[in-house]
Each structure stands twice: as structure tokens, then as C-alpha cells.
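S.K.: Let me see the structure of the following:
(2 chains)
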Amino acid sequence: DAKTTQPNSMESNEEEPVHLPCNHSTISGTDYIHWYRQLPSQGPEYVIHGLTSNVNNRMASLAIAEDRKSSTLILHRATLRDAAVYYCILRATGRRALTFGSGTRLQVQP
Amino acid sequence: GAVVSQHPSRVICKSGTSVKIECRSLDFQATTMFWYRQFPKQSLMLMATSNEGSKATYEQGVEKDKFLINHASLTLSTLTVTSAHPEDSSFYICSALAGGMRETQYFGPGTRLLVL
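M.R.: Now for the predicted structure:
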């Protein structure tokens, strides 16, 4: 599986936007970019995924670079409940399981 | 979104006993489910892929005779930790693959196992 690189941790203030970066320079043309988050002592929660175009849903936006070698998860207004570990994962065609890296631990300050 | 449940949420058992963990997709059918394990301060590690009506596929280093997986219906997969030892203490998380165009994985809330 192609590897992703994320910062270990980030901090944000409540009600401010958060941009979580992910580098995936070895991404192949058919890899989907998935984002999940995991709150303490819970299973991961699906956030968003995309292939080439930017994507929006009620939780977040996903901005994908034109060369697809990086992407950014955007939380438009962080809340305390958004404090979690965020995982950027590439899902290869034909491989249906997800390979989790170490993710970014997001702290949200009131 | 799709809902996946796990039971029990936490279990404490004595060394040498077996423990069964259930994973259910509540509002969708899942031909494929996955079992992950997560040790403290570490990321999730895939243990096995469970396919309805067929044998599970185990990742390298995971003992299939120790971690028995049964996927007898489209909404239920079970993981049995046989002859559990303290080193099996971990957070076990299942996920189910929702089909169609999205093929998104939805995760259960996890089961915390403590073996004394």
C-alpha cells in the first residue's frame, strides 16, 4: 500500500477552521484517499473520501492537490468534540482493508 | 451513516479461557467484515478479513487457531479468542464493508479485553 505522512499532532482553537495535511507522494492513479477519525476509547469514524476532485459533506471538506500527492482535511469550525486522532488512508484498488498509520492527534482548545 | 455494533463492550477473563466477541451490521448487509486490534498508544492493526460463508483470511503473524472467526450471516461476524493470555489484552475493533459504489468501511465501537 502507498504510504501517507501526517504530522503527529496539531492544535486548534474552538470555532476556528482546522486544516489537517496529508502527504502521499507515491499514490497510484486508482487509490482513493480516505479520512477517518478516532475518539478516545472508540472505534474509528468515517469522515470523508475522494479520488481526484474536492469533496464536501456535513462533517468536513477534502481538498486534493492537482497532482494528488497531497490532500487536506478541512474542519470548518472546530468544536471540542472534534478532538481525536485523524487518519489519512489510501485504499488501493482490489484491497478492501484499510491500513492505518499513526495519524494526527488534534487538540481543540476552548 | 451505517451502524455497526459490538458486544460485549468490555470483558475481563481469566488466563486460559475463551472469549467471544460479536460484530453486527445493524442497518445494512455486509458480505465482508474486518477485525482489527489496537494496543495502547498504537494504531489499528488488521488481524483478518471475514467473508460471509467462507473461511477468513488472516494477516501474517496472526494465529488462525487462536483467533477463530465465523461469519455465518450477512449481518454477524464473531471473533473468538481461544485460551486467552495476558498478552492478548487489547482493544478489538470490527468493521463492516458497505457495498455499492461507495464501499465505505464502518467501524464498531470496539471491545476492550483484559486477560488476568
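
S.K.: And the residue of chain A closest to chain B?
M.R.: residue A:43 (3.6 Å; CB to the nearest CB). Every C-beta, even on glycine, is put in place using the N, C-alpha and C of the backbone.

S.K.: Can you check the pLDDT for the nearest residue to that residue once chain neighbours are set aside?
M.R.: Of all residues not flanking residue A:43 in the chain, residue B:107 sits nearest, at 3.6 Å (CB to CB, 6 or more residues apart in numbering or on different chains). Per-residue pLDDT puts residue B:107 at 96.

S.K.: Residue B:107: what's it in contact with?
M.R.: A:36, A:43, A:44, A:45, A:46, B:4, B:93, B:94, B:95 (CB atoms under 8 Å, 6 or more residues apart in numbering or on different chains).

S.K.: count of residues packed around the closest residue to residue B:29 other than its chain neighbours?
M.R.: Spatial nearest neighbour of residue B:29, excluding adjacent residues (CB to CB, 6+ apart): residue B:74 at 3.9 Å. When neighbours are defined as other CB atoms under 10 Å in any protein chain shown, residue B:74 has 15 of them.

S.K.: next one: residue A:28
M.R.: 12.

S.K.: from what I can see it touches residue A:2, true?
M.R.: Yes. At 6.2 Å, residue A:28 counts as touching residue A:2 under the criterion of CB atoms under 8 Å.

S.K.: Need the overlap of contacts for the two.
M.R.: residue A:92.

S.K.: Chain B against chain A: which residues are in contact?
M.R.: With CB under 8 Å from any CB of the partner chain as the criterion, chain B meets chain A at residues B:1, B:4, B:6, B:32, B:34, B:36, B:43-46, B:49, B:91, B:93-95, B:97, B:102-110, B:112.

S.K.: and chain A, which of its residues are near chain B?
M.R.: Residues of chain A lying near chain B (CB under 8 Å from any CB): A:36, A:41-46, A:49, A:87, A:96-103.

S.K.: Show me those residues that map onto strands.
M.R.: Among the residues of chain A next to chain B, the members found in strands (DSSP state E) are A:36, A:45, A:46, A:49, A:87.

S.K.: Strands of chain B, residue ranges please.
M.R.: Under DSSP E, chain B gives strands at B:4-7, B:10-13, B:19-25, B:32-38, B:45-51, B:57-58, B:67-73, B:76-81, B:90-98, B:104-107, B:111-115.

S.K.: buried sites along the last one?
M.R.: Looking back up the chat, that one is strand B:111-115. With burial defined by 16 or more other CB atoms under 10 Å in any protein chain shown, the residues of strand B:111-115 counted as buried are B:111, B:113, B:115.

S.K.: CSV please, covering these and showing pLDDT.
M.R.: Listed next are the buried residues of strand B:111-115 as CSV, based on pLDDT from 0 to 100:
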residue, pLDDT
B:111, 98
B:113, 98
B:115, 97
